[in-house]
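Trainee: here you go, sequence then predicted model.
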Amino acid sequence: IDIYTIMILTNLLQAQPADSLNVQQHLEAVAEKLSTTPVTTLVSEIIDKAVNFGFKLLAALAIYLIGAWIIRKIKNLVARIFERKKTDAAIASFTQSIIGIALTILLIIITIGAVGIDTTSIAALLAGGGMAIGMALNGTVQNFAGGIMIIAFKPFKAGDYIQAQGYEGTVSEVNIVNTKLTTVDNKSVIIPNGALFNGTVNNFSDNTLRRLEWIVSVEYGSSAEETREVLMSLLKGDIRVLNTAKGAPADPFVALHSLSDSSVKFVMRGWVHSADYWDVNFDINEKIYEELPKKGIRFPFPQMDVHVHQD
């Protein structure tokens, strides 16, 4: 009786009935087959199937072990390639993880197929699940891709002073999803990498030299030549302001910029090292304020001339 029960269950599990058949009809068909089959034949079939399944199970186990060994070798090879090319540690680690996960999923599907289980439904389930997860994490995936591009192309790195997405500050951290800025007043700003990579980034630290510019307004009646000489002396008097002999693209420059309603405007330009940018800017501002009045050059105030005519 136990053998008959086992055979019924086995045939039920293996049966693929047409739409018009139900479970009761299958049970009747299996019972009729068993009633006409000798016990020895049933036992022999059970043993053959058990042995066949055992061989499949051993083959699947061997496939999994060999596949796991190959995956480890591939990951080690990729790690050596990244190390030889001195790839960024974040992108190297991420790439190795993606390769490992993808190959492991493929190995599991192959192993299940070796046992004799149909993997079509499993593949369809994985594809559907992946699509659902991708739609649910649409924004995160965009930031994730942006992080990969930032790490790969390096438009900026930790320690750079940048301006992006309406914020500016020093990059304190770059990870796979977002970038952290520290502003000059010590605020922490976290910007998603998707928007950051697709937007405009002004990297002030990318070049070692930067040009400073001042617009100085003086009152009408001031000597243009004298004003220009005083402003030039301020630039040349600061050793941090570079000239062509020190590697700057141009020498310090002063010229009359424009004639506005209430003032005459002069422009000053000088090249400095990026690290000296703000210090030189503030120091020259202070010297302009102090030195021009000493030379008799006055700063203008808004003024209006009113003419009164009496009929």
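Mentor: Sure thing, it's come through. Numbers count the residues shown, from 1 in each chain.

Trainee: what's the mean pLDDT across stretch 281-288?
Mentor: On average, the pLDDT along stretch 281-288 is 95.

Trainee: which residues are contacting it?
Mentor: Leu212, Trp214, Val216, Leu231, Leu234, Leu235, Gly237, Asp238, Met268, Gly270 (C-beta atoms under 8 Å, 6 or more residues apart in numbering). Quick note: C-beta positions are derived from backbone N, CA and C, even for glycine.

Trainee: what about the second one, neighbour count?
Mentor: Right, Trp214. 18 (other C-beta atoms under 10 Å).

Trainee: how about the residue sitting nearest the centre point of the chain, phi and psi?
Mentor: The residue lying closest to the centre of the chain (C-alpha atoms, centre = their mean) is Gly147, at 0.7 Å. Backbone geometry at Gly147, expressed as degrees, to the nearest 10, gives phi -60, psi -40.

Trainee: that one reaches Ile191, doesn't it?
Mentor: No - Gly147 is beyond contact range of Ile191, at 11.2 Å (criterion: C-beta atoms under 8 Å).

Trainee: between those two, what contacts are shared?
Mentor: The contact sets of Gly147 and Ile191 overlap at Asn178 (C-beta under 8 Å, 6+ apart).

Trainee: give the contact list for Pro300.
Mentor: Pro300 makes contact with Ser217, Val218, Glu219, Tyr220, Ser262, Ser263, Val264, according to C-beta under 8 Å, 6+ apart.

Trainee: for the last one, which non-adjacent residue is closest in space?
Mentor: Across the structure, with C-beta to C-beta, 6 or more residues apart in numbering as the measure, the residue nearest Val264 apart from its sequence neighbours is Val218 (5.4 Å).

Trainee: show me the contacts for that neighbour.
Mentor: Residues in contact with Val218 (C-beta under 8 Å, 6+ apart) are Thr227, Ser263, Val264, Phe266, Leu292, Ile297, Arg298, Phe299, Pro300.

Trainee: how far away is it from Gly100?
Mentor: Remark: distance between Val218 and Gly100 (C-beta to C-beta, to the nearest Å) = 69 Å.

Trainee: does anything pack onto the lengthiest helix in the chain? Which helices or strands?
Mentor: If you go by DSSP state H, the chain has its longest helix at helix 39-85. For helix 39-85, the packing partners by 3 or more C-beta pairs under 8 Å, 6 or more residues apart in numbering; DSSP states H and E come out as helix 2-14, helix 89-115.

Trainee: packing partners for the last one?
Mentor: To tie it back to what came earlier, the one meant is helix 89-115. helix 39-85, helix 120-136, helix 138-153.
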